[in-house]
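[1] below: sequence and its predicted model.
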Amino acid sequence: MKKILLILIAFMNIYGSCRYSMRDVSIPPEVKTVKVNYITNEARYINPQLSPKLTDKLRQKIVNQTRLSQTNSEANYEISGKITDYSVSTSGISNQQSASNNLNVSVHITFVNRLDNTKNFEADITRNFPFSAQLSLTQAEQQLANEIINNLTDEIFNRIFSNW
């Protein structure tokens, strides 16, 4: 009897500690439409491709991964944003020279839920993308472009639609 009880307790501990639950997308049934405004670029240094690509990728992700219809008029959900930082900082030094850098990107997101004002929020999303100091900024931007867009899009999407 003790062995069965120990096995049962061990099973419950393993099962209980491994259980992880996350709802991928949490949208109330009464929400039908979304409007994603153009994400402006207000950073000191402007990458001219970042705003349009980030806006398009976010729109595509919402259309492809939710049941919401996109609209350009008043919507149940409205998403706005602006790029507030796009800068480079040194992240590693070797032999008194820069060995690695970070491309720092910050986006300020405003989410408006017209059906439930208590769900409105503003959030800053900041990500650092490391690159070799041997690369120029232009080379690093080319190398990191897809990673930056995908990472920021996922972070914005998760912040808005996921119940963590």
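    Perfect, thanks for sending it.
[2] going by C-alpha atoms from here, please, whenever you check contacts or count neighbours.
    Will do.
[3] now do the same contact list for Lys119.
    112-113 (Cα atoms under 8 Å, 6 or more residues apart in numbering).
[4] now it: how far from Tyr45?
    32 Å (Cα to Cα, to the nearest Å).
[5] repeat that for Thr66.
    Counting by Cα to Cα, the gap from Thr66 to Tyr45 is 33 Å.
[6] over to Arg127?
    Distance, Arg127 to Tyr45, by Cα to Cα: 16 Å.
[7] out of those two, which sits in the busier spot?
    Set Arg127 next to Tyr45 and count neighbours by other Cα atoms under 10 Å: Arg127 wins out with 17 against 12.
[8] next secondary structure after the one helix or strand Val34 maps to?
    Using DSSP states H and E, Val34 sits within strand 33-36. Toward the C-terminal end, the helix or strand that comes next after strand 33-36 (DSSP H and E) is strand 40-41.
[9] from the chain's centre, how far out does that next one sit?
    Distance of strand 40-41 from its chain centroid, counting by Cα atoms, centre = their mean, to the nearest Å, is 16 Å.
[10] report all helices and strands that it contacts.
    With contacts taken as 3 or more Cα pairs under 8 Å, 6 or more residues apart in numbering; DSSP states H and E, strand 40-41 sits against helix 50-65, strand 77-94.
[11] partner strands of it and their direction?
    Its sheet considered, strand 40-41 pairs with strand 77-94 (parallel) by DSSP bridges.
[12] any idea what Ser69 is bridged to?
    Assigned bridge partners for Ser69, using DSSP bridges, are Thr33.
[13] pull the helix or strand with minimum mean pLDDT from this structure.
    Every helix and strand of the chain was ranked by mean pLDDT, DSSP states H and E. The lowest is helix 2-18, at a mean of 50.
[14] tell me the secondary structure at the nearest residue to Leu58 once chain neighbours are set aside.
    Leaving aside its sequence neighbours, Leu58 sits nearest to Thr153 (Cα to Cα, 6 or more residues apart in numbering; 5.5 Å). Under DSSP: H, G, I helix; E, B strand; the rest coil, Thr153 falls in the helix class.
[15] ok, Thr153 - contacts?
    Contact partners of Thr153, counting by Cα under 8 Å, 6+ apart, are 54, 57-58, 61.
[16] what's the burial count for Val112?
    For Val112, using other Cα under 10 Å, the count is 22.
[17] can you say which helix or strand has it in it?
    With DSSP H and E as criterion, Val112 is part of strand 97-113.
[18] right, I'll leave it there.
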